[in-house]
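> Got a predicted model here, sequence first, then my questions.
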Amino acid sequence: MISAMIDFRDRHYLITGGSRGIGRAVAERLRGCGAEVWVASRRPPEGLDVRHIPCDLTDADQRENVVAALDGVRLDGLLLNAGQAAALTPFPMVDAAMLRQQLELNFVAPYLLLQSLYRRRRLAREASVVVNTAHAAFYAPAATSTYAAAKAALHVGLRSAARDLRGVRVNFVIYGYVDTDLLREVVPDAADRAGTGRVVGADEAAGAALFLLTRAAKWMNGSSILVDAGLSLNLIPIR
């Protein structure tokens, strides 16, 4: 019974931003469990036996190419993982272009991709949508206002959408610091900030998303799992 609930064999999944980091780790695990996996990303996921759809998700035509590439496919799961944090920038130094870029990357693009996939019937009945959102959206660290705003918009917007998507569930993983190329570039002292001596590895972080993609989580909808190694214990969430 348990094995049937976590069986990925012959099921179909799309991962956005799956060429590295958490997305790659999830794609690799799914493929290793016998799933058919598509990765939509700017760069190919080298060394992974998956189907790559080259795509800049901020471009409307390229988003439609992703939908077209899945013609005849009914996805059992979707991981909306693509996104990018801005360099740490205090609020007085933020300009309009920076704000628009973060909203396009982290809110508009995944929101509209999910809408297109749903409208064009690319999601199977009881499909699971998992959204990679961010600790910053709830605890608002200093100098992250654009990124935090965009991720908060994605979380609230798609949580509302979960009420409208019939036969599809939408859940969220709220990640703290995860050891990726992007984190090392944007927050080089993340291990010190985390207070744990190290940050969560991408392979370690993949487990929560994988669980939400399984049928074991079929009664979860609009829910969030926090994966931050306890970082939030010393922080006060936004009310």
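Here it is on my side, so go on.
> And the lengthiest helix in the chain, what does it pack against?
In the chain, ranked by residue count with DSSP state H as the criterion, the top helix is helix 145-161. Packed against helix 145-161 by the contact rule (3 or more CB pairs under 8 Å, 6 or more residues apart in numbering; DSSP states H and E) you find helix 96-103, helix 109-119, strand 123-134, helix 136-139, strand 168-175. The way it works is simple: take the backbone N, C-alpha and C, and place the C-beta from them, glycine included.
> mind listing the strands for this protein?
Taking DSSP state E as the test, the strands found in the chain are 12-16, 36-41, 51-54, 75-80, 123-134, 168-175, 178-179, 200-201, 224-227.
> To residue 25, which of those lies closest?
Taking CB to CB as the criterion, strand 200-201 is the member of these that comes nearest to residue 25, at 8.3 Å.
> contact partners of the closest one?
The list of residues contacting strand 200-201 from outside it, by CB atoms under 8 Å, 6 or more residues apart in numbering, reads 175-179, 227-229.
> The helices and strands packed on helix 145-161: lowest mean pLDDT?
Set side by side, those show their lowest mean pLDDT on helix 136-139, which sits at a mean of 87.
> in this structure, what spans have low per-residue confidence?
Segments of the chain classed as low confidence (criterion: pLDDT under 70) are 1-2, 181-197, 234, 236-239.
> same thing but at 80, please
Scanning the chain for pLDDT under 80 picks out the ranges 1-4, 177, 179-200, 229-239.
> Could you report the neighbour count for the nearest residue to residue 39 once chain neighbours are set aside?
With sequence-adjacent residues excluded and distances taken as CB to CB, 6 or more residues apart in numbering, residue 39 is closest to residue 18, at 3.6 Å. Using other CB atoms under 10 Å as the criterion, residue 18 is surrounded by 30 other residues.
> before we move on, what about residue 167?
Residue crowding around residue 167 was assessed by other CB under 10 Å; the count is 10.
> from memory it sits against residue 127, does it?
Yes. With contact defined as CB atoms under 8 Å, residue 167 reaches residue 127; the gap is 7.4 Å.
> Surely the residue nearest to residue 39 is in contact with residue 50?
Yes. At 7.3 Å, residue 18 and residue 50 qualify as touching, with contact defined as CB under 8 Å.
> picking up where we left off before, report the contact partners of the residue nearest to residue 39.
Taking CB under 8 Å, 6+ apart as the criterion, residue 18 is in contact with 24, 26-27, 37, 39-41, 45, 48, 50, 79, 81.
> Output these in a markdown table; the columns should cover neighbour count and distance to residue 200.
Listed next are the contacts of residue 18 as a markdown table, based on neighbours: other CB atoms under 10 Å; distance: CB to CB, whole Å:
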| residue | neighbour count | distance to residue 200 |
| --- | --- | --- |
| 24 | 25 | 15 |
| 26 | 29 | 14 |
| 27 | 28 | 18 |
| 37 | 27 | 22 |
| 39 | 29 | 22 |
| 40 | 29 | 24 |
| 41 | 23 | 21 |
| 45 | 22 | 21 |
| 48 | 17 | 21 |
| 50 | 22 | 23 |
| 79 | 29 | 17 |
| 81 | 25 | 15 |
